[in-house]
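[1] model this:
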Amino acid sequence: MRALTLDDLNKAVRIGGANSLTERIEMVPAGGTESIIAPAKYTDGNAATYVIETRYIDGAAKKTALIDSKTSHANRLEKTITDAMKDNEGLLSLMPRICVSYQTDAGEKRFFDNELPHRAFDGHIRVGTHDGQPTSKSEAYIAARNSTLDNLMPMFDLSPDTVAFGGWDSTRSRNQLRIPSVFSGEIVGVLAEQGDGDPVVHRAGARVDPVEPSVVVDNKKDREKITADADLSKNTKDKFEREGKGSSIGLGAIPPSASKDVLDGVAVSRVLCIHVLSFATLRSFRFGKGKDGDAAIRALIAAVILRSMVGFNADPVLRANCFLNEKEAPVFILNGRFGEDDVELEPLTIETAEALLRTAYDQAHVVAGIDWQRQVFEVVGNPEVLRNSSAAEE
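    Down below sits the predicted model:
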């Protein structure tokens, strides 16, 4: 096997090149197949649930659980970029970014566009201010929002992350820019239970209160005295003052539960992490830099995604009770045309991916004038947002 090169990317980002690059990683629960892992939770009405679905795996239909969805997985790759920016480490740290700042009781909090759910189109950016005026009136921001797939350069100058991972300006009345994601990734687990039984483990742990096992406050005035100076969310405070049950504010013991309403995880026989970089989608992006300049920027975007992908591989943090290890080296394939020219490549490491990113950036700098100097488009968050927010979930 050979390593992926800049020449490979340059060919792939031009018409007639490879349509995709795929990576498959066999993973196992860190505690072994005897342990259970917690898939992603979704809402079904007022209840939480897992996504149990049928996938075609190794030539057969298998019941699987969705461990990490496409949208969530893209966010995990972006964490590599966020960490690089916060640590000023590597070429990713030089990428331009939008930053929203809020003044809170705990001091200033800053959020990059690659942390916000809608990237450059996020509500926190749109309702904030830049250079003392509404962000929506900033010439640079207006130009970015007015970008099209025929010329994404204004958006790429402001937020390369939004171009790389996609975005939709969905709240705008017209000219809603939609940038398709060129990356797709997910993690699925093949369930140990392949029959008609319920594959989900239903149980919850106990809580022991060494002071008293039961706290129930019958007197309404006593309830109000207890919550008067307590730092509680409005929902929690209202529930306790209405019912008087100490358990609602963390007082008293709770016995273990095996209720069907409680989700604790699933047993899996196999876990697959799948990454796809679509050169076909990337080839639809133009930047007003001519044929060679546009191709150089596309190659740079591909290198950014690959560096982010390797960053996740090296630090696969998902959620509590979902600890995964790699079972073997990734299978890394540059998918050729007509199913005949697939090339298996050496898996990228952080070092080789960083070197590839550096060569792609140097090329884009010379050919397309890309110049990354940690440019920050500063946005001051609207104080009314914090004033009317709460940590309590809806």
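[2] residue boundaries of the strands in the stretch 151-300 of the chain?
    Using DSSP state E, counting those that start in this stretch, the strands of the stretch 151-300 of the chain run over 167-168, 178-179, 183-191, 200-201, 265-278.
[3] other SSEs contacting the second one?
    Using 3 or more C-beta pairs under 8 Å, 6 or more residues apart in numbering; DSSP states H and E as the contact definition, the elements that strand 178-179 packs against are strand 167-168. Bear in mind the C-beta positions are built from the backbone N, C-alpha and C, glycine included.
[4] so which elements touch the strand it packs on?
    Here strand 167-168 touches strand 178-179, going by 3+ C-beta pairs under 8 Å, 6+ apart.
[5] in its sheet, what does the strand it packs on sit against?
    Applying DSSP bridges, strand 178-179 is found paired with strand 167-168 (antiparallel).
[6] what does the strand it pairs with contact?
    In this structure, residues lying in contact with strand 167-168 by C-beta atoms under 8 Å, 6 or more residues apart in numbering are 118-121, 176-179.
[7] and the furthest pair within these?
    119 and 176 (14.2 Å; C-beta to C-beta).
[8] between those two, which one's more packed in?
    Comparing residue 119 with residue 176 by other C-beta atoms under 10 Å, the one with more neighbours is residue 119, at 24 against 12.
[9] just read off the phi/psi values of the more buried one.
    Main-chain dihedrals, residue 119, degrees, to the nearest 10: phi 50, psi -130.
[10] what's the closest non-adjacent residue to it?
    Sequence neighbours aside, residue 162 is the residue nearest to residue 119 in space, at 4.2 Å (criterion: C-beta to C-beta, 6 or more residues apart in numbering).
[11] the one you found: neighbouring residues, count only.
    By the measure other C-beta under 10 Å, the count of residues near residue 162 is 27.
[12] over to the one 10 residues further on?
    Here the number of neighbours of residue 172 (other C-beta under 10 Å) works out to 14.
[13] list phi and psi for residue 67.
    Torsion angles at residue 67 (phi, psi; degrees, to the nearest 10) stand at phi -80, psi -40.
[14] regarding the closest residue to residue 277 other than its chain neighbours, what is its secondary structure?
    Among residues not flanking residue 277 along the chain, residue 21 sits closest, at 4.5 Å (C-beta to C-beta, 6+ apart). When classified by DSSP: H, G, I helix; E, B strand; the rest coil, residue 21 comes out as strand.
[15] quick one: residues contacting residue 21.
    Contacts of residue 21 by C-beta under 8 Å, 6+ apart are 4, 12, 276-277, 279, 302, 306, 332-335.
[16] backbone torsions only: list them for the residue most central in space within the chain.
    Computing the C-alpha centroid of the chain and ranking residues by C-alpha atoms, centre = their mean puts residue 75 first, at 1.2 Å. Torsion angles at residue 75 (phi, psi; degrees, to the nearest 10) stand at phi -60, psi -30.
[17] flag the shaky bits of this protein, pLDDT-wise.
    When residues are selected by pLDDT under 70, those of the chain lie in 258-259, 391-394.
[18] how about the helices in it?
    6-12, 70-87, 123-126, 139-145, 153-158, 160-165, 220-227, 234-243, 279-282, 290-314, 350-368, 383-387 (DSSP state H).
[19] would you format these as JSON lines with distance to residue 102 included?
    What follows is the helices of the chain, written out as JSON lines (distance: least, C-beta to C-beta, whole Å):
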{"stretch": "helix 6-12", "distance to residue 102": "38"}
{"stretch": "helix 70-87", "distance to residue 102": "17"}
{"stretch": "helix 123-126", "distance to residue 102": "8"}
{"stretch": "helix 139-145", "distance to residue 102": "18"}
{"stretch": "helix 153-158", "distance to residue 102": "20"}
{"stretch": "helix 160-165", "distance to residue 102": "20"}
{"stretch": "helix 220-227", "distance to residue 102": "27"}
{"stretch": "helix 234-243", "distance to residue 102": "20"}
{"stretch": "helix 279-282", "distance to residue 102": "34"}
{"stretch": "helix 290-314", "distance to residue 102": "26"}
{"stretch": "helix 350-368", "distance to residue 102": "31"}
{"stretch": "helix 383-387", "distance to residue 102": "6"}
